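Enquirer: Sequence and predicted structure, then a few things I'm wondering about:
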Amino acid sequence: MNKNDFPILQREINGRRLVYLDNAATSQKPIQVIEAVSSFYKEHNANIHRGIHTLSEEASNMFDSAYKKTACFIGADHFEEIVFTQGTTSSINLVAASLLRTRYWEDGGEVIITEMEHHANILPWMDLLGAKKDFVGIRDVAGLKVAKVKKDGTLDVDHLLSLVTKKAKVVAVAQVSNVLGTINPIKEIVKAVKAKSDALVLVDGAQAAPHMKVNVKGLGCDFYVFSSHKMLGPTGVGILWTKKEILDKMPPVFLGGGMIKEVHFDRAVWDDLPNRFVPGTPNISGVVGFSAALDYLSNVGMDNIAEYEDSLCGYALDKLSKENGIEIYGPLKDRSGVISFNVKGIPSHDLASILDMDGIAIRTGHHCAMPLHLKLGVPSSARASVYLYNEEEDIDALIEGIRRAQRIFNV
Amino acid sequence: MYKEELLEHFKNPHNFGEVKNPTIEVSGVNSLCGDAVKITLKTDKFGIIKDIKFKSSGCAVSTAAASLLTDYLKGKNVSEVKKLDDNFMVKLLGGVTPARVRCAVLPLETLKRRG
């Protein structure tokens, strides 16, 4: 890993070195990924699976090799278990919409989520459960059970399990919270859920897959979803991994060319996996870029990344907790490098504006987790999140920026 | 952007609170940052704003904006609201960065929806 691999980190913002601490929103891209996308368009661009010409063959091979690489990256047995979507959000929506069309959901059921989910792991389930949906919103949602988050920012696993009954059809939980940084004990949760129900377990890995080694078989879950753009890859590519025996039985939601064997005006037959879930022309260049991102991450080593970020996060937590007037949310250990906090007397939005003047990029708001912020009792929070290219000097810059904001606000 | 006047209006906002038996009561949120504002006002039979107050939770920019805007509107005809635009709010605050215009205009936008 070389920081110079990331051209954008050479940029100056407001005359200052860019300090990018908004990695939980999206990561920056190394030159290897940028060039993979660029060279695809310069040298190989064609549609996939439908031409016998050389370019189409090349493009198809590049696209198809990403299936195997992705499967290997998350420890899956079969490349057919991978579906490329537009992102984590579209992966979860696809699962919910597909389940709605299965016999499994014929009699409805309950969905169990947690208070720390972001909106993408709440709304698709409300859509699945909601009786009334229109252009205003969703009402009369019945059967959504929400497991509590404890005061220390960890998930109340006992409460979650108490919500799992025979009626449970889906349990959807984040592996890492995008606000609290909490790492949930997925393996134990899946085991316990399976012991008392037939519920399918979906793990939202958007904040986990970029930062730690993931093994879907080891986790024991049924679905695992994550996004390319949070792990050095292009935007517009998401991954849905599903156990083969489940995906085999799932009907497609989006229909069109490329996903069928036969079409007649009175019937159609879907194609085999994974084509069944690739209607129309997919984001070929994005998937090619994602493939290069996986190469980059594998080369550095996910365990190395996890270890490095853990120590950097520890440094940040230590520094931040020594400052005056800073309230940090989330657990102090077993956590990822997502740190949400508030500075007393400075609304987080204003803090972000002042940090931006110093070239420091953080996120503020409710981070698409409005229910969790209601629970924390704050309208919004500031969030600094690290990745493999961040260094201690970035944390030092953040601390200096916070002090400057405190001087401006005279707090 | 964080000039003394803006910070003063954030720390000690003018017209903070609620008007009793208001003629107009409006609420607005900026879902991007979590800012929320509620404005209550009372007009006479000609539409002259006799009293106007606001309550808010959110950033310094939107709070200062509400404080300055309510100051400005007091004693003016409620129809005046329609004539005001984003630029007016940015100027009233002494300039804000493009990323914060949405915060600056939240109170005005909220009023416009009913004013």
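Expert: Cool, got the structure.
Enquirer: Residue 98: neighbour count?
Expert: Went with chain A since none was named. 21 (other C-beta atoms under 10 Å in any protein chain shown). Quick note: C-beta positions are derived from backbone N, CA and C, even for glycine.
Enquirer: my question was about chain B
Expert: 7.
Enquirer: where do the helices sit along the chain?
Expert: Using chain A here. Ranges of helices in chain A, per DSSP state H, are A:31-39, A:54-73, A:88-100, A:123-129, A:157-163, A:186-196, A:216-219, A:244-247, A:284-300, A:302-322, A:348-357, A:370-376, A:392-408.
Enquirer: nope, chain B
Expert: Along chain B, counting by DSSP H, helices occupy B:4-11, B:60-73, B:86-92, B:101-112.
Enquirer: now, of the ones you listed, which is deepest in the fold?
Expert: Most buried of these by mean neighbour count (mean count of other C-beta atoms under 10 Å in any protein chain shown) is helix B:60-73; its value is a mean of 25.
Enquirer: Can you pull the residues of chain A lying near chain B?
Expert: Within chain A, the positions near chain B by C-beta under 8 Å from any C-beta of the partner chain are A:346-350, A:353-354, A:356, A:364-366, A:373, A:379-380, A:408-410.
Enquirer: quick revisit: nearest to residue B:101, out of the helices of chain A?
Expert: With C-beta to C-beta as the criterion, residue B:101 lies closest to helix A:348-357 of the helices of chain A, at 11.8 Å.
Enquirer: Can you name every helix or strand that that closest one contacts?
Expert: strand A:363-365, strand A:381-385, helix A:392-408, helix B:60-73 (3 or more C-beta pairs under 8 Å, 6 or more residues apart in numbering or on different chains; DSSP states H and E).
Enquirer: Counting neighbours, what do you get for the closest residue to residue A:142 other than its chain neighbours?
Expert: Leaving aside its sequence neighbours, residue A:142 sits nearest to residue A:129 (C-beta to C-beta, 6 or more residues apart in numbering or on different chains; 6.2 Å). Around residue A:129 there are 21 other residues, counting by other C-beta under 10 Å.
Enquirer: Could you measure from residue A:129 over to chain B?
Expert: Using C-beta to the nearest C-beta, to the nearest Å, residue A:129 is found at 23 Å from chain B.
Enquirer: didn't that residue look like it was pressed against residue A:112?
Expert: No - the pair residue A:129 / residue A:112 is not scored as a contact, 11.3 Å apart, by C-beta atoms under 8 Å.
Enquirer: which ones are touching residue 69?
Expert: Just going to use chain A. Going by C-beta atoms under 8 Å, 6 or more residues apart in numbering or on different chains, residue A:69 touches A:291, A:294, A:295.
Enquirer: looking at chain B here, not the other one
Expert: Counting by C-beta under 8 Å, 6+ apart, residue B:69 has contacts B:89, B:92, B:107, B:108, B:111.
Enquirer: follow-up on the earlier one: now that we have the residues of chain A next to chain B, which of them are buried?
Expert: By neighbour count, with 16 or more other C-beta atoms under 10 Å in any protein chain shown, these hold A:346-350, A:353-354, A:356, A:364-366, A:373, A:379-380, A:408-409 as buried.
Enquirer: Present the helices of chain B as a markdown table; the columns should include mean pLDDT.
Expert: As requested, the helices of chain B are exported to a markdown table (pLDDT from 0 to 100):
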| stretch | mean pLDDT |
| --- | --- |
| helix B:4-11 | 93 |
| helix B:60-73 | 96 |
| helix B:86-92 | 95 |
| helix B:101-112 | 93 |
